[in-house]
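> Dropping a prediction and its sequence here:
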Amino acid sequence: MFAFIIFLAIVALLVFWVVGAYNRLVSLRNRFKNSFAQIDVQLKRRYDLIPNLVETAKGYMKHERETLEAVIAARNQAVTANAKAVGDPSDAAAVQQLSQAEKGLTASLGKLFALSEAYPDLKANQNMMQLTEELTGTENKISFSRQAYNDSVMQYNTSIEQFPGSILANMFGFKAGELLQATESPEERKAVKVSF
């Protein structure tokens, strides 16, 4: 009888451990999905600012139609990629597609801002200055949200890769999350060379 009680106690401990470990994995997965939702909020704000920025620039940059259209096309591509990633942030392909679309959007916005330097009236436009300031603030919030997301994904991925969590992760189909990579190219990461 004593052996049977010990056996039941071991089984009960094992069941409690499995339930606790499973719930921890679910909690970590939900945390990283919530972190992605925070990025989504900031990206939507960014996507909403871009058409206003382009409309403001249109009045001054009549000969730069190609650049303005490229910004809108890149924005639309990023919106589509974001919608796929929001559907399932654990889908590595969708998150990578979003990273690539964001890279393209950042590059086209960079061209727009570089061209706007040639138009002093546009730079001095109150609406353009306000939109640029709002976009800069939003970019900073996106950066902080990405960092929080990557921290959450790292913690989740570590939990599903370590033993014994890896056994439960495989049994219950937990997939690793995809980290958001920096959007700049290797050339953009190089230090700026200054010469006098």
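Cool, the structure landed. Computed from a predicted structure; not experimentally measured.
> contacts, neighbours, all on C-alpha from now
Noted.
> Contact partners for residue 135?
46, 49 (Cα atoms under 8 Å, 6 or more residues apart in numbering).
> Helices of this protein, residue ranges please.
With DSSP state H as the criterion, the chain has helices at 2-58, 65-87, 92-116, 120-124, 126-161, 165-172, 186-189.
> Pull out the buried residues from the fifth one.
Right, the one you point to is helix 126-161. Of the residues in helix 126-161, 128, 131-132, 135, 138-139, 141-142, 145-150, 152-157, 159-160 count as buried by neighbour count, 16 or more other Cα atoms under 10 Å.
> and what of the fourth one?
By neighbour count on 16+ other Cα under 10 Å, the buried set for helix 120-124 is 122, 123.
> Where does the prediction get shaky in this protein?
Within the chain, the segments meeting pLDDT under 70 span 182-196.
> Please tabulate the helices of the chain in CSV and include distance to residue 180 as additional columns.
Compiled in CSV, the helices of the chain are given as follows (distance: least, Cα to Cα, whole Å):
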stretch, distance to residue 180
helix 2-58, 10
helix 65-87, 11
helix 92-116, 7
helix 120-124, 32
helix 126-161, 6
helix 165-172, 22
helix 186-189, 16
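> Among these, which comes closest to residue 179?
When the helices of the chain are compared by Cα to Cα, helix 126-161 sits nearest residue 179, at 5.4 Å.
> I figured residue 123 hits residue 116, correct?
Yes: counting by Cα atoms under 8 Å, residue 123 sits close enough to residue 116 to count as a contact (6.6 Å).
> The closest residue in space to residue 65 that isn't next to it in sequence - how many residues pack around it?
Once flanking residues are discounted, residue 65 sits nearest to residue 58: 7.7 Å by Cα to Cα, 6 or more residues apart in numbering. Neighbour count of residue 58, defined by other Cα atoms under 10 Å: 15.
> what's the answer for residue 36, then?
Residue 36: 25 neighbours (other Cα under 10 Å).
> One more: residue 117?
11.
> which residues does it contact?
Here residue 117 is in contact with residue 123 (criterion: Cα under 8 Å, 6+ apart).
> same check, this time on the one 10 residues further on
Contacts here follow Cα under 8 Å, 6+ apart; on that basis residue 127 touches residue 56.
> now do 7 Å
If a contact means Cα atoms under 7 Å, 6 or more residues apart in numbering, then residue 127 has no contacts.
> Ok, the one 3 residues further on next?
With contacts defined as Cα under 7 Å, 6+ apart, residue 130 is in contact with no residue.
> Renumber starting at 709 from here on
With 709 as the first residue, the last one maps to residue 838.
> how far away is it from residue 849?
17 Å (Cα to Cα, to the nearest Å).
> for residue 725, same thing?
For residue 725, the distance to residue 849 - Cα to Cα - is 38 Å.
> cool, residue 789 as well?
Applying Cα to Cα to residue 789 and residue 849 gives a distance of 19 Å.
> so how far does stretch 863-878 reach from one end to the other?
Using Cα to Cα, the end-to-end distance of stretch 863-878 comes to 17 Å.
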